[in-house]
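> below are the sequence and a predicted model; questions follow.
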Amino acid sequence: MILNCLSTSRKIAGQYNSLLYLPPSILLANNSITGNIPIEIGQLQLLHQLSLKNNFFSGKIPYQTSNIKHLAALDLSLNHFSGNIPASLTSLNFLAEFNVSYNNLEGQIPTGTQLQGFGASAFEGNPNLCGPPIPNKCQPLPNDGIDEDDSDHEVPWFLVSVMPGFVVGFWAVCGSLIFIKTWRYAYF
């Protein structure tokens, strides 16, 4: 009996040890999970695989996902994600599998060697996505010549060049009317 118990415990211990060699994964595909991905997902540093496909997730893809530095597979397809693909995902150096198809994503696919290496099928079903590797070309946004990123720190050169001219012209006309009596009488 004791020998049989030892044999069973070794089997269980052997099975447990073999689990240690499997990569840490979260596989929640094909469920009916709703809501947003919690931003705490970025704290799962040892995660290698994250599959949330075919659920009802919504909201934006959290940029904290890029904190999972050893992530090798990320599948967020067939959900209701919206907004842009976070540019921080380009820092995931071990990403071998990536799929965000059939969501409501928009904007330019972040440029970087990582995301452009995946085929167009990884991004299909998002009609408002643009840029390589998909054939949709990105349209420049109308910004009236002012970059939105630099608008807070840019010197308004147009006003800097126009204002001195206005001041000089104003005082040339009005100042002469104020200080030269004959011009003032002739004007009025």
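Looks like it arrived, so ask away.
> residues making contact with stretch 61-72?
23, 36-50, 74, 76, 81, 83, 85-89, 91-97, 100, 105 (Cβ atoms under 8 Å, 6 or more residues apart in numbering). Backbone N, C-alpha and C define where each C-beta goes, glycine included.
> distance between the ends of that stretch?
The stretch stretch 61-72 measures 17 Å between its terminal residues, going by Cα to Cα, to the nearest Å.
> report the buried residues of that stretch.
Within stretch 61-72, the residues scored as buried using 16 or more other Cβ atoms under 10 Å are I61, P62, Q64, T65, S66, N67, I68, H70, L71, A72.
> could you report the neighbour count for S88?
By the criterion of other Cβ atoms under 10 Å, S88 has 17 neighbours.
> okay, the residue nearest to it when sequence neighbours are not counted and E106: tell me how far apart.
Excluding its sequence neighbours, the residue lying closest to S88 (Cβ to Cβ, 6 or more residues apart in numbering) is S66, at 3.7 Å. In this view, S66 and E106 are 19 Å apart by Cβ to Cβ, to the nearest Å.
> try V162
38 Å.
> which of these two has more neighbours?
E106 (14 against 11).
> give me every residue that touches the residue nearest to the more buried one when sequence neighbours are not counted.
Spatially, and ignoring its direct neighbours in sequence, E106 is nearest to N128 (3.5 Å; Cβ to Cβ, 6+ apart). By Cβ under 8 Å, 6+ apart, the contact set of N128 is N104, L105, E106, G107.
> A strand includes the third one, no?
Translated: E106. Yes - according to DSSP: H, G, I helix; E, B strand; the rest coil, E106 belongs to a strand.
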